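> Kindly return the folded structure for what I paste below:
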Amino acid sequence: RTGFNENFYDDAKQVFARFEGVEIGDYIAYEYEQEYKPFFKQRTPVFQDYIEIAHKQVTVPPGATCLLLNDMNSTVQNQGNKWFVSNVPAAADESLDPPLLERVPMLAVTFDQNDQSWESMSRDMWARYDKVEGLSPETLAELQSLLAISDKKEFILKTMEMVCDKIRYVAIEIGEGGYIPSSPESVHNWGYGDCKDMSFYATAILRAGGVDAYTALAKGRGFGPVFENFPGNQFNHAIVAVKLDESCADLQNVTVDGAPWMIADPTDEYSTSPLLGNHLEDTKILPLTRDGHGLVTIPSSPPEQNQI
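Got it, this is the predicted structure:
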């Protein structure tokens, strides 16, 4: 039978099955098919989990590009377009372990044979974001006291503070809503949004005030690494990336191509810009720009910044 999952606000469904006469220690063999209408034409099946795997096989259709990641123990076997494992023990589940996706083998499958680079992904996502309606003249008038701040450094900090304080984090992600933000106008009127909504809203205000700001895709440090050799959907967070000029260069917390930038997370209530929470330190982000951008590494903060 089918049923909706525990989240009342999305359109995902779950399938339930009951197996009669099953006892502890029995194996259950089953097959199933999945059909997707993916936003990104990629899949990344994993070959180890927190339960033992007797056998798992992934058959890849012709024309797809495959890249085996993280197979440090040469567990995955390959025959033509079939990738499989057998008798894989359950992954350890211990406190302070690295994230699961950092230590299990996975297969990165790409079905789109167009330009596969971080720059093209950045450019394509920027184009999708650029189609979203911006701030109306009426809303810009409401924000006039903020936009009237002439000191660029103060304007940037006040904007990030306002978004963090005034916009509540609420994630409602149905269909493309998991990837494309709501309009800044809607977020302003609602008073809530998820990470990409808040970041896109902040970016819209900053750009209205003459600041060179971008939304950037990110992946929290606790969710495993971003594999540089697999350009694609490896992110689960969105933040703000600001290219600084001389008037506000002291806000710099990362260097990009020799230039000062400030990275800010409007969902972080505890790390005031330009400080960053440790969930972003030593991670890679992707700024979304018109011309396309490569990955940017956020370094760990030096010891002198971690003192009380």
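> list the helices and strands whatever helix or strand residue 197 lives in packs on?
Assigned by DSSP states H and E, residue 197 belongs to helix 195-208. When contacts are defined as 3 or more C-beta pairs under 8 Å, 6 or more residues apart in numbering; DSSP states H and E, helix 195-208 sits against helix 144-147, helix 152-166, helix 184-190, strand 212-218, strand 237-243. The C-beta positions use only the backbone N, C-alpha and C, and glycine is treated the same way.
> any idea of the mean pLDDT for that helix?
On average, the pLDDT along helix 195-208 is 97.
> before we move on, back to that, residue 63 is nearest to which of the helices and strands packed on helix 195-208?
strand 212-218 (26.6 Å; C-beta to C-beta).
> Let's see the closest one as PDB, backbone CA atoms only.
Output of strand 212-218 as PDB, limited to C-alpha atoms (Å, rounded to 0.1, in the frame of the first residue of the first chain):
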ATOM      1  CA  ASP A 212      28.500  42.700  -5.800                       C
ATOM      2  CA  ALA A 213      26.800  39.800  -4.100                       C
ATOM      3  CA  TYR A 214      25.800  36.200  -5.100                       C
ATOM      4  CA  THR A 215      24.000  33.200  -3.800                       C
ATOM      5  CA  ALA A 216      26.400  30.300  -3.300                       C
ATOM      6  CA  LEU A 217      25.700  26.600  -2.900                       C
ATOM      7  CA  ALA A 218      27.300  24.900   0.100                       C
END
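> what distance separates the helix holding residue 197 from the centre of its chain?
Mean C-alpha position of helix 195-208 versus that of the full chain (C-alpha atoms, centre = their mean, to the nearest Å) differs by 16 Å.
> how many other residues sit next to residue 302?
Using other C-beta atoms under 10 Å, the number of residues around residue 302 comes to 7.
> what's the distance between residue 78 and residue 84?
In this view, residue 78 and residue 84 are 8 Å apart by C-beta to C-beta, to the nearest Å.
> Could you give the bridge partners of residue 193?
When bridges are called by DSSP bridges, residue 193 pairs up with residue 169.
> Could you do residue 69 as well?
On the basis of DSSP bridges, residue 69 is bridged to residue 106.
> How about the contacts made by it?
The neighbours of residue 69, taking C-beta atoms under 8 Å, 6 or more residues apart in numbering as the test, are 44, 105, 106, 107, 108, 227, 230.
> that older thread, what sits up against the helix holding residue 197?
Residues contacting helix 195-208 (C-beta under 8 Å, 6+ apart): 129, 132, 134-135, 140, 143, 146-147, 155-156, 159-160, 163-164, 167, 169, 171, 179-182, 184, 187-188, 193, 213-216, 237-240, 242, 264-267.
> Would you list the buried entries among these?
129, 135, 140, 143, 146-147, 155-156, 159-160, 163-164, 167, 179-182, 184, 187-188, 193, 213-216, 237-240, 242, 264-267 (16 or more other C-beta atoms under 10 Å).
> Residue 118 contacts residue 288, doesn't it?
No. Here residue 118 lies out of contact with residue 288, judged by C-beta atoms under 8 Å, at a distance of 10.8 Å.
> okay, those two: which has more neighbours?
Neighbours were counted for residue 118 and for residue 288 using other C-beta under 10 Å; residue 288 has more, 25 against 20.
> measure residue 224 to residue 106 for me?
Distance from residue 224 to residue 106, by C-beta to C-beta: 10 Å.
> Please identify which of the two sits among more neighbours.
For the pair residue 224 and residue 106, the greater number of neighbours falls to residue 106 (23 against 19), based on other C-beta under 10 Å.
> average model confidence for stretch 16-25?
On average, stretch 16-25 scores 86.
> shouldn't residue 268 be in contact with residue 277?
Yes. The pair residue 268 and residue 277 qualifies as a contact (C-beta under 8 Å) at a distance of 4.8 Å.
> list the buried ones in stretch 273-293?
Neighbour-count burial for stretch 273-293 flags 273-274, 276, 279-280, 283-289, 292-293 (criterion: 16+ other C-beta under 10 Å).
> now do stretch 240-259
So, applying 16+ other C-beta under 10 Å, buried residues of stretch 240-259: 240, 241, 242, 243, 244, 248, 251, 252, 253, 254, 256.
> Wait, the last one touches residue 295, no?
No. Here residue 256 lies out of contact with residue 295, judged by C-beta under 8 Å, at a distance of 10.2 Å.
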